[in-house]
Each structure stands twice: as C-alpha cells, then as structure tokens.
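Participant: Here is the input, now give the coordinates:
(2 chains)
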Amino acid sequence: MNDILPFLKELLIAPGLSGFESPVSEIIQKEWKPLVDEISLSQLGSLHGLCRGNLGAPRPSVLVATHMDAIGLMVTGLQNGFLRFTDVGGVDPRVLPGQQVWVHASGPKADPHSPLQGWVVQPSAHLLPEELENKVIQIENLFIDTSLSPEQVRQLVRVGDIVSFAQAPLDLNAETLAGHSLDNRAAVAALTICLQELKSRQHAWDIWAVATVQEEVGLTGAYTSTFQLRPSLAIVIDTTWAKGPGSGDWNTFPLAKGPTLFWGPNIHPKLHKSFKELAEKLEIPCAVEITGRHSGTDAYATQVAADGIPTMAIGIPIRYMHTPVEVVALKDIRRTGRLVAEFISAMTDDFMNTLTLES
Amino acid sequence: MANTTTLDKKQTDLLAKLSYAMALSGDEGEVRNIILDEIHSYITDYKIDALGNLLITRPGTTDKPLKVMLAAHMDEVGFMIAADDGEGLFRFEINGGIDLRQLPGKAVIVGKEHTPGVIGARPIHLTSVSERRDKIPLNNLRIDIGPGSNKVKPGDRATFATRFQRVGASIIGKALDDRLGVAVLIELLKHSPANLDLQVAFTVQEETGLRGARVAAFFFNPDLAFVIDSTPANDLPVWDDSENLSYNCRLGAGPAIYIADGSTLSDPRLIRLLEDTARNEVIPYQIRQPGGGGTDAGAIHKQRSGIPSVSVSIPCRYAHTAAGMARTSDFKQTIALLQATLQSIPQDILAQERR
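Facilitator: Numbers count the residues shown, from 1 in each chain, chains lettered A, B, ... in the order given. As a prediction, the model looks like this:
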C-alpha cells in the first residue's frame, strides 16, 4: 500500500471551502483515477468514482461518502484596506486572532492562481466598542490584514471572495498529524486507502467512491449524489471528536485507539452489527459512537435519499475539530480504510437479504 | 547613506534567522549565537555578562570620544512548560505580555529542538453560544505534541511557530519585537562611527522588566544611550469608522521617536538631535504618541547617577502575537536615521541646554 501521508498533506494544503471544492476535487480525482473504472462530477461538484464489481449485471452497489469541503471564511467588506469577513461552516471566533489565511482574491487586478496572504487580526481595545474590552472579539469586529495598501486591496479583493486557512500540516509525535481541514480530508484519505486495498482484491458489488460537496453547510452533496447514484446501501466516513483538553465527556473518543462505529437512528442496526462483528474478527479496535438524533454527518442525508438507503457511519477521532490545528492519528485513518475495504470485499450477492431490522 | 527602502537577500536572511530563533527571557542563547556569528569578523572582543547580555565596545579614534550606549533586547514573549499531563499534552505558563485570546488554534515550537506542537481548542460543536463569548482560560489550554515521546519536559520554553515572510513592502514573522532592533544594532555595529566610543548591548530579559539593560548600563557607564525597540502600530480603522486618534504609531511613516512613555521621559537634547538629523538627511520619522509602554531606556536612564536616554522604535503591528507585521522602509530608515545621528553627535551635546 502506498504511504498515504503525502496525499493527505496535499489535501490539507488545498483550499476547498463548501461550494468551492474544485481545488481539492482535482487532487482527489488525480489520485483516484488509477483506482477506479469511471470518474465523473455531479451537477453540484461531488466526485463520483465507480469500481465495478465482478458479479453479473445488474449488480448491487455500495456508496462510500466522504465530504471534501472545508470550513473557512468569506470577505464581507473592505474598510480602509482591511477586510471584514464572516465564516463559512462553523468557526469558533476564539481560534481566529493571529491566524494566517489565504485570500482567494477575484478583483480586477487579482491573479486567480496566486491567492493573497492575510492574517486575522484583533484590533487593540481602544479601537473597539468599549463593552468589548477584555472580551472575546466576535467575527464582525475582527479584520484580515493583507499588509497591502487600501488602493491595492480595492483592486484585488471583492466582497464574496473566499478565505481559507493557511496553517501548514505539522508532523507531530508518533505518526500524529496536525492541520486544518482534517475534517474531513482524513476520511478522504481513509477512503483512498480502501480503494487501494480493493484494487487488488475481489469484490462482488459495485463501489461508488464519493467525495461529497457542501457537507458543512447542509449535507447538500450527500443528498444529491445518493439520489443520483441510488446505491443499495451507504457507508459514510467522517471525523469525530477525540478526547483532549476540554473534551473528555462520553461523546469523545481516544485518539489513536481506532475509529468509531456510529449507532442511532441514522444507522441501519444490522449494518452496524455486521461492522462490529467484522472489526472484532479482524482485531481492529473500535468504539461505539452513540448519536441519539442527527449524527452530524452525511449519514443523516444518505439515509433519506430517494426511497431510503440503509446507512452506516464511521468516525475517525480528531482533536480540536474545526480549528486550524486539528490532530489525527494516521493509524486511525489506516484502520478505517482497511475496515471498510474488508467489509466491502466480504459482501456477497445476497447481502441485502440479510439486512433485517429485527435483531 | 542607505537610502533604499527594500531589503537585500542578506538582510532578509538574517531577519528570518532572528525571527525563527527561540529566545525567551532568561534563555536568549539562540539569538546571542546568531548575533555573534554575524558580527565576529567586525569585533575584537566581547563580553557575555552574568545575566547573558552580549556587550561589545568599539572604541572611537578621536580625542576623548563620548561614550554612547546602544541597546536592543534579544528576548521575546512566549510560554514555559509547567506540567506533563500525559498523552503528549502539557500545561504551560505565559512568559511576558501575551493576550490569552491569541493562543487557541496555534502551532508552536517547544524546547531546544523546536519540537512542533499545537494549542487546540474544544470543538465548536461541543461549546455553547455563551461559552464562545468567554475567553478560554489558560488552565483549559494545553500544548499538544502528540502522544508517545519524552522530548518535552516541564521548564522547557515554547513559542509560536510562525513562517517568516516578505510580502510586498512588509515583513511578517514572530518576535519582530525586538529582532528588528537587534538587526538594526548589528548594522550599526558593522558600520560604527569613529567619533564615539560605541557601547553595544544586546540585552536579556526586557520582557520581564528591563533587567538586562539595567546591569548593562551599569557596566558600560555611558554618557548617553539610544534604545532601539519595536513599538505597536495601532493604525487600524476604528470599529465605527471614526478617526483613529490613538494609533501609537503608523506603519510606513518612518522610525518612531519617543518623547514620553510609561517609564521614560526622553532627554530633550537627544530628541532634538534625532529630529534635526532626520530633517537634514531627509529621512522620514514620526513621534510615537506619548503614553504607556516602555523600553530598556526605562532602566538605563535611571542607572548610576542618571544617563540621558532616548528610544527609537520600528513600528510593528500585532506585537506579542503569532505574527507581527512591519515595513521594510521603516526598518531601513531606522538604520539610516541612527547612523546619521551617531555621526553627527556634537562633542558638547550634554553641555547644551535641556529645553
């Protein structure tokens, strides 16, 4: 198996905010092309890769969804050379001051191939409303400083320009990696490992490897791609909360100790059971992630596409989700990719008949 | 006379090296070594004193030259590892004046080996709207280097991991306060004037109370002193678009000359000398708005029986955060102004009227 780290780092460096996924989509397309039989884009930009199964047609199909969009910022105004902005997807304003960003400028003098560097800055107290003294400064009172003159900024930047985080990926101890957009590029990497494994193995079913768009703003890609491809069942890989500073409750999971298997109304109970049994057989450590309502993943959408699709969701624990320094253990990415590959290669012709709701 | 406003490659490389170095108060060795490496062929002797100040004297060749002290501090603000929580997580203390709101979501380096780490924050999904209005207290933050290593231990220093960059007319990096001043001082040392006994102090522990400058000034016992520091440029728009009347100083408007700050009233003769020189040489300058804050001058001017002092700063936005921002023109003009000033100090300056 190829080392996944260079590809993952490439994904982390690429922008690709919700609705503007092309830069990351192109990288994934290049990586997937040799791994799939067909590849295409949906009307909304989701990437669909097909690996044909070796059953006679018509074959059942499994859709594996990983969203490729990332959270970020968007320019809302220019004030004397400084940029006002808002967030795309959920960003805690407390992680913003001092953050380096790329401003994807589209003004008349802008070069679309070279974004502007910028820094999120917190003006000093006497430049802010008095009541904010010593308080958290919310997004509407922060600026982006590009270090350029007001005149240059007017020529380069327009309201609506997207802004992505510029924090470079960092190799930490013991094969842990820090960076922005590990949610959900870590899952794209896991799906890529899965495709690499299945390249040399038999699988009866068709596989739709899907990198969905706009998960962070309403699961848009998952709804539409699942409808279009109409799989027999769906597996969603997303990231989940790892235990860490300030996050130690029951709904968080230890880093580097394996992926989570979601359980709850978004999940088909028999699919969950099958995954759990397989993980135990393969001795892949897994935790059960309880989500009593919305799973917070594309599974919420795939389940209700068309006339309903049995769905499973798997979580890769990451620390500091939705900050520019999310942390993942590569081990968990590999385990997830392998688990899904093993599951798919074990699916037989009549697997759908075993999917009963009764336990 | 250096009239250009851009940096050449050598200057850029030196600034990058100085910015990447980690030198917290009390542990300035990394910067000291870079300076020594840079200046060794220009000096015959140097002293590293009990606190770590790097002190160099360049004797003048004229008769009874004035003893003029120049100081820039080597240390920067940052963090100190306080306790090992296991799993690669460490509690830490803040050294120097860093706003708590600048910490979450940052990459850092730790210890002599510059081990990479991050300071994370609770996922937004697990926070409430009201929680997001409160600062994250220091005791909820950790430096995370990833599990499974003993490379970091309590007592290690840490600081922001920031890429040094040149963007257009700007310099962006960490610890520009006061590595810009250090770089200016290196330049002045390399081209020191013959009419003075130049007493150069690269000082320690400015950020913890001007402690290095205090003992350096005692040692040198100079006739007068110039301090080269970096001062905040708060030249951002006011939230309601009203006129910004407390900008402290502005980027791109030249070196900032101090008249008064929280710890020093500058010597009027030295202020006049700087302003006259700037006008004569047509070097832009600005007056730093009087107010709080302070530089090594606060300790120097009160040393022994009193040492007439003045500070000149390179304007820098966002000091004491991960990324400061300065203009190359201000940096170059600070060098030019100080060079010209040193060359034109009248022998009898201290006999002039204090007005």
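Participant: A:Cys282: neighbour count?
Facilitator: Let me fix one detail, which is that residue A:282 is Leu and not Cys. 13 (other C-beta atoms under 10 Å in any protein chain shown). For glycine as for every other residue, the C-beta is placed from the backbone atoms N, C-alpha and C.
Participant: Surely it is in contact with A:Ala341?
Facilitator: No - using C-beta atoms under 8 Å, A:Leu282 is not in contact with A:Ala341, being 10.5 Å away.
Participant: do stretch A:160-170 and chain B meet?
Facilitator: Yes - Stretch A:160-170 comes into contact with chain B (C-beta under 8 Å from any C-beta of the partner chain), by way of A:167-168, A:170.
Participant: and the gap between A:Ala209 and A:Gly337?
Facilitator: 11 Å (C-beta to C-beta, to the nearest Å).
Participant: Tell me where the chain has helices.
Facilitator: Went with chain A since none was named. Under the criterion DSSP state H, chain A contains helices at A:5-13, A:22-32, A:150-156, A:182-199, A:220-229, A:269-282, A:299-302, A:330-346, A:351-354.
Participant: try chain B instead
Facilitator: Counting by DSSP H, the helices of chain B are B:9-20, B:29-39, B:176-190, B:211-220, B:268-281, B:297-300, B:328-343.
Participant: Highest mean neighbour count across those helices, which stretch is it?
Facilitator: The highest mean neighbour count among these, using mean count of other C-beta atoms under 10 Å in any protein chain shown, belongs to helix B:297-300: a mean of 27.
Participant: Let me see the mean pLDDT of that helix.
Facilitator: Averaging pLDDT along helix B:297-300 gives 97.
Participant: can you list residues touching both of A:Ala209 and A:Gly337?
Facilitator: A:191, A:194 (C-beta atoms under 8 Å, 6 or more residues apart in numbering or on different chains).
Participant: returning to what we had before: by mean pLDDT, show me the worst of the helices of chain A.
Facilitator: helix A:351-354 (a mean of 92).
Participant: Check the spacing between A:Leu239 and A:Thr291 real quick.
Facilitator: Just so we're on the same page, residue A:239 is Thr rather than Leu. 14 Å.
Participant: How about the residues of the stretch 101-250 of chain A by chain B?
Facilitator: A:117, A:119, A:121-124, A:126-129, A:134-138, A:141, A:143, A:145-148, A:152, A:167-168, A:170-174, A:176, A:178, A:241, A:244-247, A:249.
Participant: so how far is B:Met74 from B:Leu185?
Facilitator: 10 Å.
Participant: quick revisit: hey, which of the helices of chain A is tucked in deepest?
Facilitator: helix A:299-302 (a mean of 28).
Participant: Got a PyMOL select line for the buried ones in the residues of the stretch 101-250 of chain A next to chain B?
Facilitator: Restricted to buried positions by 16 or more other C-beta atoms under 10 Å in any protein chain shown, the PyMOL selection for these reads:
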select buried, chain A and resi 117+119+121+122+123+124+127+128+136+137+141+143+145+146+147+148+152+167+168+170+172+173+176+178+241+244+245+246+247
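Participant: Chain neighbours aside, what residue packs nearest to the residue in the stretch 1-150 of chain A that chain B sits nearest to?
Facilitator: Across the stretch 1-150 of chain A, no residue is closer to chain B than A:Val95, which sits at 3.2 Å (C-beta to the nearest C-beta). Distance criterion C-beta to C-beta, 6 or more residues apart in numbering or on different chains; nearest residue to A:Val95, sequence neighbours excluded, is B:Gly105 at 3.2 Å.
Participant: that older thread, ok, which of the helices of chain A comes nearest B:Leu141?
Facilitator: Smallest distance to B:Leu141 across the helices of chain A (C-beta to C-beta): 19.6 Å, for helix A:182-199.
Participant: In the stretch 101-250 of chain B, mark out all the strands, start to finish.
Facilitator: B:106-110, B:115-119, B:143-144, B:157-160, B:165-167, B:170-173, B:196-203, B:224-232 (DSSP state E, counting those that start in this stretch).
Participant: Tell me which strands the fifth one pairs with, and in which orientation.
Facilitator: Based on DSSP bridges, the strands next to strand B:165-167 in the sheet, each with its direction, are strand B:170-173 (antiparallel).
Participant: Now do the shared contacts for B:Leu185 and B:Met74.
Facilitator: Joint contacts of B:Leu185 and B:Met74 (C-beta under 8 Å, 6+ apart) are B:Phe202.
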